[in-house]
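K.L.:
The following block contains a protein sequence and its predicted model.
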Amino acid sequence: MNTEWHFPIMIVASLLIFLIIIRVVLSKPDFKERRKKIFLLSMIVVVFGMLFGKYGATYGLPWWLYYPVPMLITVFLPPLVLKLNTPKTVIYLLLSLLSAPFIHFIFSFFLGWTEYMPFWKIPFVRILT
């Protein structure tokens with residue numbers, strides 16, 4: 001079964017979740033004022049991060065490179081670029097750490113797509129019924 005088309009959909013879902021997280025952290029006027037910076041940041045954190053992780057693994061980069069680089073970009077870049085204060089940084093970090101398992105759960109449980117976090121086995125809802 002060809003699952004290559006799953007990846008672009010996962011990128012879009014991750015982008016939406018990332019933007020929701022940033023919107024939760026920033027006030028509405030602050031979010032609107034920084035939307036160009038947030039767009040560029042989301043392209044780097046989400047799109048570049050996911051492409052680097054996927055193709056790093058596919059083309060044989062060591063795991064200690066293709067896994068931590070996107071994670072470190074996700075953890076450090078938004079608070080630095082958006083100059084978040086400590087409480088906002090803590091909220092961002094908590095939400096961003098929960099986002100990947102949440103996305104994986106949604107795709108795995110409802111669609112049976114297990115490649116987002118293949119090491120975490122979630123049963124497909126059709127198997128349970």
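P.N.:
Happy to help now that I have it.
K.L.:
could you pull out the helices for the protein?
P.N.:
Along the chain, counting by DSSP state H, helices occupy 6-25, 28-33, 35-42, 49-58, 63-66, 68-81, 86-106, 125-128.
K.L.:
Show me what the fifth one is packed against.
P.N.:
Other helices and strands packing on helix 63-66, by 3 or more C-beta pairs under 8 Å, 6 or more residues apart in numbering; DSSP states H and E, are helix 49-58. Quick note: C-beta positions are derived from backbone N, CA and C, even for glycine.
K.L.:
so how far is the helix it packs on from its chain's centroid?
P.N.:
The gap between the average C-alpha position of helix 49-58 and the chain average comes to 13 Å, counting by C-alpha atoms, centre = their mean, to the nearest Å.
K.L.:
and it, what's its mean pLDDT?
P.N.:
On average, the pLDDT along helix 49-58 is 89.
K.L.:
can you tell me which residues contact the residue nearest in space to the middle of the chain?
P.N.:
Nearest residue to the geometric centre of the chain (C-alpha atoms, centre = their mean): residue 14, 4.6 Å. Neighbouring residues of residue 14 by C-beta atoms under 8 Å, 6 or more residues apart in numbering: 46, 50, 99, 103.
K.L.:
What is the nearest of these to residue 89?
P.N.:
residue 99 (15.4 Å; C-beta to C-beta).
K.L.:
so what pLDDT did the nearest residue to the closest one once chain neighbours are set aside get?
P.N.:
Nearest non-adjacent residue to residue 99, counting by C-beta to C-beta, 6 or more residues apart in numbering: residue 17, 4.9 Å away. pLDDT recorded at residue 17 is 97.
K.L.:
Could you report the distance from the residue nearest to residue 124 when sequence neighbours are not counted to residue 123?
P.N.:
Leaving aside its sequence neighbours, residue 124 sits nearest to residue 112 (C-beta to C-beta, 6+ apart; 3.9 Å). Distance, residue 112 to residue 123, by C-beta to C-beta, to the nearest Å: 9 Å.
K.L.:
re the thing from before, farthest pair within the contacts of residue 14?
P.N.:
Spatially, the most separated pair among the contacts of residue 14 is 50 and 99, at 12.2 Å (C-beta to C-beta).
K.L.:
My guess is residue 47 contacts residue 10. True?
P.N.:
No. Here residue 47 does not reach residue 10: they are 11.0 Å apart, not a contact under C-beta atoms under 8 Å.
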